[in-house]
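# attaching a predicted model along with its sequence, questions to come.
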Amino acid sequence: MSFTSITQRAVLAVPLALTIAVAGTGAATAADLDSVHFLIPGGAGGGWDGTARGTGEALTKAGIVGKATYENMSGGGGGKAIGYLIENASSNHGTMMVNSTPIVIRSLTKRFPQNFRDLTMVAGTIGDYAAFVVGKDSPLTSFKDLVAAYKKDPRSVAIGGGSVPGGMDHLVAALAMEAAGADPVKVKYIPYDAGGKAMAALLSGEIQALSTGFSEAVGMAKAGEARIIGVTAPKRVDAFADAPTLKEQGYDAEFVNWRGFFAAPGLPEDQRKAYIAALDKMYTTKEWEAVRARNGWVNIFNPGDDFTAFLTKQEEVISTLMKKLGFL
């Protein structure tokens, strides 16, 4: 079972409807797009904020976009920004809103009434795989060890995460245990408000393992505080190639927390294509590679209809799992 079926960047040949001047195969004499306003559904310093600002940095430094502006709009788990974009659609055709997997989870649980279908799909742009982490001195040396302990006594294996019960970290743990042939409903999941608290719980032995984002796990592993025993990627990730995948350990469980961009409903098609083309072009630049490498992101480009198909499949898988766990 996989949350993602499209993991390779696709090339989309579309016209740049908003091009000012592009010199054939040479450098652009002016930006492809005058400006882009990024709407961020959360506060400064979070994953959405970093994705929007990193994308804007690459687009402007590479000369693809003339000017990027940013607006943080927290509230309702992202619902406030989504509602704002929909209610003020006609005046926000110059805006791209960043979002990620929680837009699927929170709409399924009715945290807000809208879902991704109420927006204009631009593109999924990056992914952050999930990872399972143990303390550096833990007797669990592999995900197989964690599975064995869980199958022996599920209640003795506490797995922590930085999201609420039924949130992304919990669902990843349940997905992995289900792939291992164990009962996903019995996962003893302990939620924490932030990564620092979850890490402290891991180091103190309050939890036996931590379900978290791969980029966060890499930071812990490089600091020598913890070990990564499983990654939900189809193959090892170059950013930290020492970390084994679940798949290579015999568990067919893949998951990627995508991040990408949406626009207001009713956006003219030529403008949507221009946004897609600008993001596509960004991947070939050294400015983007610097941002991507700095953050440990994986390039996953799902433009337009591919983005819709990707999220529809993810919604089906998440819905099925949440029903098993009793959250729907």
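Done, it's in.

# CA only for contacts and neighbour counts going forward, please
Will do.

# all strands of the stretch 201-328 of the chain, in order?
Under the criterion DSSP state E, counting those that start in this stretch, strands of the stretch 201-328 of the chain are mapped to 209-213, 226-231, 256-263, 298-303.

# looking at these, which is nearest to residue 90?
The closest of the strands of the stretch 201-328 of the chain to residue 90 is strand 256-263. By C-alpha to C-alpha, the value is 10.8 Å.

# what packs against the closest one?
Helices and strands touching strand 256-263, by 3 or more C-alpha pairs under 8 Å, 6 or more residues apart in numbering; DSSP states H and E, are strand 95-100, strand 120-135.

# reformat the strands of the stretch 201-328 of the chain as a markdown table; add distance to residue 157 and mean neighbour count.
Converted to a markdown table, the strands of the stretch 201-328 of the chain look like this (distance: least, C-alpha to C-alpha, whole Å; neighbours: other C-alpha atoms under 10 Å):
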| stretch | distance to residue 157 | mean neighbour count |
| --- | --- | --- |
| strand 209-213 | 8 | 27 |
| strand 226-231 | 15 | 26 |
| strand 256-263 | 24 | 24 |
| strand 298-303 | 30 | 24 |
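
# tell me which of these sits nearest to residue 100.
strand 256-263 (4.3 Å).

# give the rounded mean pLDDT of the closest one.
Averaged over strand 256-263, pLDDT sits at 94.

# so what's residue 120 up against?
Contacts here follow C-alpha atoms under 8 Å, 6 or more residues apart in numbering; on that basis residue 120 touches 262-267.

# ok, these vs residue 280, which is closest?
The closest of those to residue 280 turns out to be residue 262 (C-alpha to C-alpha; 14.9 Å).

# hey, what's that closest one bridged with?
Note on residue 262: beta-bridge partners residue 97, residue 121, judged by DSSP bridges.

# I figured it was touching residue 125, is that so?
No - counting by C-alpha atoms under 8 Å, residue 262 stays clear of residue 125, with 10.9 Å between them.

# mind checking which helix or strand of the chain has the lowest mean pLDDT?
The weakest-scoring helix or strand in the chain, judged by mean pLDDT, DSSP states H and E, is helix 195-204 (a mean of 82).

# tilt between that one and strand 120-135?
Counting by axes from the mean of the first three to the mean of the last three C-alpha atoms, to 10 degrees, helix 195-204 lies at 30 degrees to strand 120-135.

# mind listing what's buried along helix 195-204?
Taking 16 or more other C-alpha atoms under 10 Å as the neighbour-count basis, helix 195-204 is seen to contain the buried residues 195, 198-199, 201-203.

# show me where the protein has helices.
47-61, 79-87, 102-108, 143-152, 168-179, 195-204, 214-222, 269-282, 286-295, 304-325 (DSSP state H).

# deepest in the core, which of those is it.
Among the helices of the chain, the stretch with the highest mean neighbour count (mean count of other C-alpha atoms under 10 Å) is helix 168-179, at a mean of 24.
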